[in-house]
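Peer 1: quick one, fold the following:
(one chain, ligands or ions: 1)
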Amino acid sequence: MTDPSHIRNFSIIAHIDHGKSTLSDRILEMTGTIAERDMQAQLLDTMDIERERGITIKSQAVRVSYQADDGEEYQFNLIDTPGHVDFTYEVSRSLAACEGAVLVVDATQGVEAQTVANAMMAMNANLEIIPLINKIDLPSADPERVRAEIEDALAIPADDAVLASGKTGVGVHDLLEAVVYNIPAPTGDANAPLRALIFDSYFDPYRGVVALVRIVDGSMRKGQRLRLMASGKDILAEEVGARHPVEEPLPELGVGEVGYLVTGLKDLVHVKVGDTITLAEGGVDNPLPGYREAKPMVYTGLFPIESDQYEPLKEALEKLSLNDPALLWEPEKSHALGFGFRVGFLGLLHMEVVKERLEREFNLDLLATAPSVEYHVFKQGGEMMSLHSPQEMPDPGEIEHIEEPYLKAKILIPPDYVGAVMDLTVARRGTFVTMNYLSQNTVEMLWEIPLSELIMDYFDKLKSNTKGYASLDYDFAGYKPSQLVKLDILLSGKPIDALSFIVHKDKAYDRGRVLTEKLKEIIPRQMFEVPIQAAIGGRVLARETVKAKRKDVLAKCYGGDISRKRKLLEKQKQGKKRMKAIGNVEVPQEAFMAILKVDD
Ligand SMILES: Nc1nc2c(ncn2[C@@H]2O[C@H](COP(=O)(O)OP(=O)(O)OP(=O)(O)O)[C@@H](O)[C@H]2O)c(=O)[nH]1
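Peer 2: The predicted structure follows:
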């Protein structure tokens, strides 16, 4: 057990890609936690997908010993947090376990939307913030401009901001010293009964559920009987210890320490992140303040391409949810696609990551329908139903009104792009709220925008309309009434439930027209003509036709070049993987996502 005066618990927070993970790697290396030869880039990003995409999805906690210039040895508990807005809730959990935060700002990019959002979260959690201007090795780095931006935009004094490069290691020693001197040591009552905060949890196939904990009062020992206060569940502490990041068992965890607890439970539901752990006997009555639970924002249908993969898909979802409380799912049946699941995600990135994991780690071929949000449909007579899928939409005659989720969106841009953001966001039914200058180079615009519009490729459009300068952060604002209708897509005259979507009345015609044009490009020619129609109720708004196939594909090869012929067949086969026969029409995956890509 370390004396709390020699413990420092901190998070590293930043806008995406500003270099948190690289900086964490360097800290592990420079404190000798990981020998250089064992160093793998982005060590804390343990999931394959995290490493490949260079993004952090799950928070990670690691304990580091640091021999400071004052000759004393300190225990640092460093918590790497995700930067993407989908995973904001992970950041808030991590912050609750810390006394301080290192706010990383890229010296070439300056303050961006999630820099502001994360800094706000850290301030609200009363953390001591150490600003760090990163990537100063880059020729385009402009630390003085960024220093001014941190002060103007965030009101954080930045005279003493650490100048560093996670890549070369310069400035990292300064950072470690700043952590010792600026971040307060944890305080807590060692003699009081145990109170510990669960800030993360995961499922270990051999040991069951492991909770990551921060001890606030008292201590936690192996063999103790403990109580999870929110779920009322009693457990036996099978093992406690610290992560370096390899787990090292310890006899006990004391005040201020961060570590892990092997709970012996087989189910993640009882181990709620944000819950307080106390003693089963003689414990406390008042839990620590919890924090917000993750709630899915977008829903999509996931269907196996081969119907015999339904059970394996269910098992895979069960396994993934063990480790991802934010993932919600229920069975869904589509006339067009058969049996599958409606799955709720925190956002589009979360959705992509989960789909990719299901396909890669569980070897499944899946078809995903276009993401949708949760609508509130008020029926005549007052009953409210939550709609996760356009297919569940009641008949218009039964509906009194519909409400949809809105977001408060914050967009940071250089002043030149205000007009471009206005045009795009108004076209997406956004309502302008206010705008102010954070600094000479940065304008902050606040908007209210329907979530359904945001998930339709809004961010990519925003980026391309502002030459990549815009950054975006958002928060749930609440539900508002909206004039929404269900748009059906018909192939060969039959409505295809899995292709229908919900759209604002005023946009229905345009979106229907663009979508039928897109589908005409996407759906391959078949042996017969395929009419594509967009309709509301029985009224057709737009129509296109996929012409019948004229020749055999192989005819193109003139019988000569064998390798080309093989390649062509190979290509066809791969294409097939992502196709699903709906009636007698082969429909590729892109058709389901085409609605997200309609231009305004
Ligand atoms: N030149 C230079 N590049 C850096 C430095 N730090 C990080 N990078 C690069 O910047 C990119 C993003 O770095 P990451 O460490 O993955 O950023 P992150 O903030 O952890 O990103 P998320 O986990 O996705 O939020 C990578 O390509 C890094 O190689 C630095 O100090 N100098």
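Peer 1: tell me where the stretch 151-300 of the chain has helices.
Peer 2: Remark: helices assigned in the stretch 151-300 of the chain by DSSP state H, counting those that start in this stretch are 172-182.
Peer 1: low-confidence ranges, it, go.
Peer 2: Along the stretch 151-300 of the chain, the model assigns pLDDT under 70 to residues 290-294.
Peer 1: try 80 this time
Peer 2: For the stretch 151-300 of the chain, the stretches flagged by pLDDT under 80 are 202-203, 205, 231, 245, 267-270, 272-274, 288-295.
Peer 1: which parts of it sit against the ligand?
Peer 2: For the stretch 151-300 of the chain, the residues in contact with the ligand (C-beta under 6 Å from any ligand atom) are 165, 166, 167. All C-beta atoms are positioned from the backbone trio N, CA, C, and that covers glycine.
Peer 1: show the backbone phi and psi for the second one.
Peer 2: In terms of degrees, to the nearest 10, the main-chain angles of residue 166 are phi -60, psi -20.
Peer 1: which residues does it contact?
Peer 2: Residues near residue 166 by C-beta atoms under 8 Å, 6 or more residues apart in numbering: 19, 22, 23, 25, 26, 134, 135, 172.
Peer 1: neighbour-wise, which one of the residues you listed leads?
Peer 2: The most crowded member of these is residue 134, carrying 30 neighbours; neighbours defined as other C-beta atoms under 10 Å.
Peer 1: and the pLDDT at it?
Peer 2: Note on residue 134: pLDDT of 98.
Peer 1: longest strand in the protein, by number of residues?
Peer 2: As assigned by DSSP state E, the longest strand anywhere in the chain is strand 399-413.
Peer 1: in it, what counts as buried?
Peer 2: The neighbour-count check on strand 399-413 (16 or more other C-beta atoms under 10 Å) flags 399, 402, 403, 404, 405, 406, 407, 409, 410, 411, 412, 413 as buried.
Peer 1: closest one of these to residue 160?
Peer 2: residue 412 (24.4 Å; C-beta to C-beta).
Peer 1: before we move on, back to that, so which of the buried residues of strand 399-413 are also by the ligand?
Peer 2: Within the buried residues of strand 399-413, nothing lies near the ligand by C-beta under 6 Å from any ligand atom.
Peer 1: which residues touch the nearest residue to residue 404 once chain neighbours are set aside?
Peer 2: Leaving aside its sequence neighbours, residue 404 sits nearest to residue 482 (C-beta to C-beta, 6 or more residues apart in numbering; 4.7 Å). Going by C-beta under 8 Å, 6+ apart, residue 482 touches 402, 403, 404, 450, 504.
Peer 1: show me where this structure has helices.
Peer 2: Along the chain, counting by DSSP state H, helices occupy 20-30, 48-53, 88-95, 113-124, 143-154, 172-182, 310-322, 348-361, 418-427, 451-454, 458-465, 505-522, 562-577, 589-593.
Peer 1: in the fourth one, what's buried?
Peer 2: Think helix 113-124. For helix 113-124, by 16+ other C-beta under 10 Å, it's 113, 114, 115, 116, 117, 118, 119, 121, 122.
Peer 1: do it and the ligand meet at all?
Peer 2: No. Applying C-beta under 6 Å from any ligand atom, one finds helix 113-124 separated from the ligand by no less than 8.5 Å.
Peer 1: for that helix, the distance to its chain's centre please.
Peer 2: 17 Å (C-alpha atoms, centre = their mean, to the nearest Å).
Peer 1: cool, and the longest one?
Peer 2: In terms of C-alpha atoms, centre = their mean, the centre of helix 505-522 is set 29 Å apart from its chain centre.
Peer 1: for it, the averaged confidence score.
Peer 2: On average, the pLDDT along helix 505-522 is 90.
Peer 1: got it, and the fourth one?
Peer 2: Looking at helix 113-124 alone, the average pLDDT works out to 83.
Peer 1: elements contacting that helix?
Peer 2: Secondary-structure packing of helix 113-124 (3 or more C-beta pairs under 8 Å, 6 or more residues apart in numbering; DSSP states H and E): strand 7-14, helix 88-95, strand 100-106, strand 128-134, helix 143-154, strand 399-413, strand 471-482.
Peer 1: other residues contacting stretch 229-241?
Peer 2: Taking C-beta under 8 Å, 6+ apart as the rule, stretch 229-241 contacts 207, 220-228, 247-253, 259-265, 269-272, 274-278, 280, 283, 287, 290.
Peer 1: what comes up buried for it?
Peer 2: 229, 233, 235, 237, 238, 239, 240, 241.
Peer 1: now that stretch, how far from the centre of its chain.
Peer 2: 28 Å.
Peer 1: and of the buried residues of helix 113-124, the nearest to the ligand?
Peer 2: Distance ranking of the buried residues of helix 113-124 against the ligand, using C-beta to the nearest ligand atom, places residue 114 first at 8.5 Å.
Peer 1: ok, residue 150 touching residue 112?
Peer 2: No. At 11.7 Å, residue 150 does not count as touching residue 112 under the criterion of C-beta atoms under 8 Å.
Peer 1: give me the nearest residue to residue 150, chain neighbours excluded.
Peer 2: Once flanking residues are discounted, residue 150 sits nearest to residue 158: 4.2 Å by C-beta to C-beta, 6+ apart.
Peer 1: residues in contact with that neighbour?
Peer 2: Neighbouring residues of residue 158 by C-beta under 8 Å, 6+ apart: 131, 133, 147, 148, 150, 151.
Peer 1: neighbour-wise, which of these leads?
Peer 2: Neighbour counts for these peak at residue 133, which has 28 neighbours (criterion: other C-beta under 10 Å).
Peer 1: which parts of stretch 506-519 are buried?
Peer 2: By 16+ other C-beta under 10 Å, the buried positions in stretch 506-519 come out as 507, 508, 511, 512, 513, 514, 515, 516, 518, 519.
Peer 1: returning to that earlier point: so what strands line up beside the longest strand of the chain?
Peer 2: Paired strands of strand 399-413, with direction, are strand 375-379 (antiparallel), strand 442-450 (antiparallel), strand 471-482 (antiparallel) (DSSP bridges).
Peer 1: just name the most buried of the ones you listed.
Peer 2: Burial of the strands paired with strand 399-413 is given as mean neighbour count (mean count of other C-beta atoms under 10 Å); strand 442-450 ranks first at a mean of 20.
Peer 1: for the residue in the stretch 451-600 of the chain that the ligand sits nearest to, which residues make a bridge with it?
Peer 2: Of all residues in the stretch 451-600 of the chain, the one sitting closest to the ligand is residue 471 (12.5 Å; C-beta to the nearest ligand atom). Beta bridges link residue 471 to residue 412, judged by DSSP bridges.
Peer 1: tell me the contacts of it?
Peer 2: 15, 112, 113, 114, 411, 412, 413.
Peer 1: show me where the stretch 1-150 of the chain dips below the pLDDT cut-off.
Peer 2: 1, 33-60, 80-95, 117, 124.
Peer 1: could you chop the protein up by domain?
Peer 2: 4-182, 195-279, 298-368, 376-482, 486-597 (automatic domain parsing).
Peer 1: tell me which residues touch the spatially closest residue to residue 546 that is not a sequence neighbour, please.
Peer 2: Leaving aside its chain neighbours, residue 546 sits nearest to residue 530 (4.2 Å; criterion: C-beta to C-beta, 6+ apart). Counting by C-beta under 8 Å, 6+ apart, residue 530 touches 491, 492, 523, 545, 546, 585.
Peer 1: how about a cut-off of 10 Å?
Peer 2: For residue 530, the contact set (C-beta atoms under 10 Å, 6 or more residues apart in numbering) comprises 491-493, 519-520, 523-524, 544-548, 583-587.
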